[in-house]
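# Here you go, sequence then predicted model.
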Amino acid sequence: MTETGIALELSGVTKTYRISQGLFGGSKPLRALDNISLQLRKGEVLGLVGESGCGKSTLAKVLLGLEQPTNGEVHVYGQPFASHDRKWIARRIQPIFQDPYSSLNPRKTVREIITLPLRVHDVVESREWDKEVGGMLDLVGLPQRLIDASPSQMSGGQRQRVAIARALIMRPKVVICDEPTSALDVSVQSQILNLLMDLRDELGLTYLFISHNLAVVEHIASRVAVMYLGRVVEQAPADRIFDAPKHPYASALLDSILTPDPSLGVPDVNMDGNFPNPVEPPSGCTFHPRCPSATALCSRKRPEPVDQDSGFVTCHLHDPAHQGEMA
Ligand code: SF4
């Protein structure tokens, strides 16, 4: 159930990197996040989808305090990120990453892995650690006998449960789930998704659920934001966006649900051209070289978000100010 209020808010968040162009080429800016504004309501699951390179992972890093935005602000439960340190952020936002094989240290035991955030941030007395770990194992459905096991002795699903326990031991309010089931067998994926939803209900968590797998997002998300080249091009309630996407890119992405192997990524369904070079993005609407609905206006003018159905669409087709030029 969704509580009232905002858990996480991004206002105009931009992240620009300088990319070297070789020995004599100097550097060029790469705008990985381009003026992102989003709100996560308390208790909801916001699905964030888009192709590799669209900025999803950069957004996760900014929200975890691993990267500073070049411009814009992030607020969690109404408080600004900028005035707090990593420990403050870690007690409010935690990540669950894609690959439990590489995200867990194979030389550590489950006990050591799960208590690592407590050690790093010094938030619980060490004599309490075993009790904390025991509680977390129960919470994520792992037997207590695994407390001294290493990740190499565990299945993929068990490892991801350890990763979830490690994230939750800091009692965060918001969890960034970055492709949390992509590395798992299909049979295990639904168990982990069900566990995440049970934990959300039990602990009142809010999830940003990042995935290229739209079938999974449709299953779990209450709202969806679609990213393309650093911008959110459409955001809407999940049922509306899956029934009737408005942005041409969102539409093409949804067609890709029918792909026989979702692990291959998002195919270019009804789209011309490849994903553009983000260092030299197309003019106007950056999607225009691939868009079946593009007009001359699209290569000239950058579209701005237009409110639609409890969300927004960033496309001239849906902007009343440009209806004449898009006909
Ligand atoms: Fe396509 Fe133009 Fe809309 Fe961009 S603004 S998505 S190019 S119709």
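Great, that's in hand. Numbers count the residues shown, from 1 in each chain.
# Taking the stretch 51-200 of the chain, what residue is nearest to the ligand?
Nearest residue of the stretch 51-200 of the chain to the ligand (CB to the nearest ligand atom) works out as C54 at 14.3 Å. The C-beta positions use only the backbone N, C-alpha and C, and glycine is treated the same way.
# SS state for that residue?
coil (DSSP: H, G, I helix; E, B strand; the rest coil).
# i'd like the first residue to be 705 from this point on
In the new numbering, first residue 705, that becomes C758.
# what's around the nearest residue to it once chain neighbours are set aside, how many residues?
Nearest residue to C758 in three dimensions, chain neighbours excluded: M931, at 4.4 Å (CB to CB, 6 or more residues apart in numbering). By the measure other CB atoms under 10 Å, the count of residues near M931 is 24.
# that older thread, what's the burial count for the residue of the stretch 755-904 of the chain closest to the ligand?
Neighbour count of C758, defined by other CB under 10 Å: 26.
# cool, and R823?
Neighbour count of R823, defined by other CB under 10 Å: 12.
# Is it correct that it falls within a strand?
No. Using three-state DSSP, the assignment for R823 is helix, not a strand.
# pLDDT score assigned to it?
Model confidence at R823, given as pLDDT, is 89.
# again, but for the one 5 residues further on
With respect to pLDDT, V828 has a value of 84.
# which residues sit in contact with it?
Listed by CB atoms under 8 Å, 6 or more residues apart in numbering, the contact set of V828 reads L822, E836.
# How about the secondary structure of it?
Per three-state DSSP, V828 ends up coil.
# what's the distance between it and T819?
To T819, V828 is 9 Å away according to CB to CB, to the nearest Å.
# what do you get for L909?
21 Å.
# Check G759 too.
Going from G759 to T819 by CB to CB gives 33 Å.
# Wasn't G726 part of a strand?
No. Under three-state DSSP, G726 sits outside any strand and is assigned coil.
# can you list residues touching both of V828 and T819?
Counting by CB under 8 Å, 6+ apart, the contacts common to V828 and T819 are E836.
# What does the residue nearest to C758 show for phi and psi?
For M931, the backbone dihedrals (degrees, to the nearest 10) come out as phi -110, psi 140.
# Looking at it now. What's its pLDDT?
Note for M931: predicted pLDDT of 95.
# for the one 5 residues further on, same thing?
Among the per-residue scores, V936 shows a pLDDT of 97.
# T963 too?
52.
# The ligand contacts on this protein?
951-952, 989, 991-992, 995, 997-998, 1002, 1007, 1019-1021 (CB under 6 Å from any ligand atom).
# now the helices: where do they sit in this structure?
Using DSSP state H, the helices of the chain run over 760-767, 790-794, 814-825, 833-844, 860-872, 890-907, 918-924, 942-947, 952-959, 1000-1004, 1027-1030.
# Let's have those in CSV, adding distance to G729.
Shown next, in CSV, are the helices of the chain (distance: least, CB to CB, whole Å):
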stretch, distance to G729
helix 760-767, 23
helix 790-794, 35
helix 814-825, 40
helix 833-844, 49
helix 860-872, 40
helix 890-907, 43
helix 918-924, 38
helix 942-947, 41
helix 952-959, 31
helix 1000-1004, 26
helix 1027-1030, 37
